[in-house]
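Q: No letters, just coordinates:
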């Protein structure tokens, strides 16, 4: 297969390779041809560069309120466990002190023998108090350990939230090319945010009295307008998933300033077009 004589097929294979949708034997054959052919290798690098900048197109994805709610629940649970352990030990200590005090009073009333018994009780009481103090210190150490573990868990959750904010998730990608198969406009669509992003990657500039209008090319029926591009290098518009999800291809036409009504279809020439690929990055 001579891909140099078939630039459309070469760009489709290079784009699929860059996206990761070209797999198995087809991917290995393409990589072998790229190593042996400088032209194929150059097209593969061009597509990798196009898709490498897509992470700049999306705003950070903030964690939901449920993440912080789970953190709060875990904090409260650990605090309640520590308080319950401390309260249980303190109650047991007070109860034993009361019992020992009652024994000591009875022994004092019994005279000399009671005095000896009181000394014995005092010795036992001193040992019990020391044991309970040790147990209480251990409980406080355990509470400090649990608090440190909770702080570590909270830090890990915050780091995970940062990673989620920095991650990108694109569902649909299209690289619109001109008649010379040169990439001109990169289009991405996020169905969760219902956000369509258009980025100029070529050198085309329309006249001041003209506008570029993006069209969805559904399997049946006429083209559907998705928005009019402004002069900026990148712009974002809202779009419903139904407008994009089942569309096999997109196109851009040259229209009068401000574009044409959505239901009328393109009136000017089609400058760029390309297939719409569903992928997860």
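A: Sure thing, it's come through. Worth saying up front: this structure is predicted, and the values here are computed from it rather than measured.

Q: sec struct for the residue lying closest to residue 254 once chain neighbours are set aside, please.
A: Distances taken as CB to CB, 6 or more residues apart in numbering put residue 268 closest to residue 254, at 4.2 Å, once the chain neighbours are dropped. Where you see a C-beta, it was placed from the backbone N, CA and C, and this is true even at glycine. Classification of residue 268 by DSSP: H, G, I helix; E, B strand; the rest coil places it in coil.

Q: From residue 232, how far out is residue 268?
A: According to CB to CB, to the nearest Å, residue 268 stands 20 Å off from residue 232.

Q: These two: which is more packed in?
A: residue 268 (16 against 9; other CB atoms under 10 Å).

Q: Find the least confident helix or strand in this protein, judged by mean pLDDT.
A: helix 112-166 (a mean of 67; mean pLDDT, DSSP states H and E).

Q: same for the helix or strand following that helix, what does it pack against?
A: Next helix or strand after helix 112-166 toward the C-terminus (DSSP states H and E): strand 172-177. For strand 172-177, the packing partners by 3 or more CB pairs under 8 Å, 6 or more residues apart in numbering; DSSP states H and E come out as helix 7-19, helix 38-52, strand 183-190, strand 249-256, strand 270-278.

Q: With respect to burial, which of these scores highest?
A: Each of the helices and strands packed on strand 172-177 was scored by mean neighbour count; the highest is strand 183-190, a mean of 22, by mean count of other CB atoms under 10 Å.

Q: model confidence over that strand, on average?
A: Mean pLDDT, strand 183-190: 92.

Q: Stretch 252-260 too?
A: Stretch 252-260 comes out at a mean pLDDT of 94.

Q: Quick one: end-to-end distance for it.
A: 12 Å (CA to CA, to the nearest Å).

Q: repeat for stretch 239-246
A: OK, stretch 239-246 end separation, CA to CA: 13 Å.

Q: Figure out how far it is from the centre of its chain.
A: Put simply, stretch 239-246 sits 22 Å off its chain's centre (CA atoms, centre = their mean, to the nearest Å).

Q: domain ranges for the chain?
A: 1-52, 65-166, 169-281 (automatic domain parsing).

Q: can you give me phi and psi for the spatially closest residue to residue 261 that is not a sequence neighbour?
A: Excluding the flanking residues, the one nearest residue 261 by CB to CB, 6+ apart is residue 225, at 7.9 Å. Dihedral angles of residue 225 (phi, psi; degrees, to the nearest 10) stand at phi -70, psi 130.

Q: Verify the stated contact: residue 225 with residue 259.
A: Yes. The pair formed by residue 225 and residue 259 meets the contact definition of CB atoms under 8 Å, at 7.2 Å.

Q: which residues are in contact with both of these two?
A: residue 213 (CB atoms under 8 Å, 6 or more residues apart in numbering).

Q: Contacts only, for residue 68.
A: Contacts of residue 68 (CB under 8 Å, 6+ apart): none.

Q: SS state for it?
A: helix.

Q: can you check the one 5 residues further on too?
A: Three-state assignment for residue 73 (three-state DSSP): helix.

Q: That one and residue 79: what is the separation?
A: 11 Å.

Q: ok, the two, which is more surrounded?
A: Per other CB under 10 Å, whichever of residue 73 and residue 79 has more neighbours is residue 79, with 14 against 10.

Q: can you count the residues close to residue 175?
A: So residue 175, with other CB under 10 Å, has 26 neighbours.

Q: Pull out the buried positions in stretch 186-206.
A: For stretch 186-206, a neighbour-count test (16 or more other CB atoms under 10 Å) marks 186-191, 195-201 as buried.

Q: Where among the domains of the chain is average confidence lowest?
A: That would be domain 65-166, which, of all those, carries the lowest mean pLDDT at a mean of 70.

Q: circling back: which one, of the helices and strands packed on strand 172-177, ends up nearest to residue 216?
A: Smallest distance to residue 216 across these (CB to CB): 6.1 Å, for strand 249-256.
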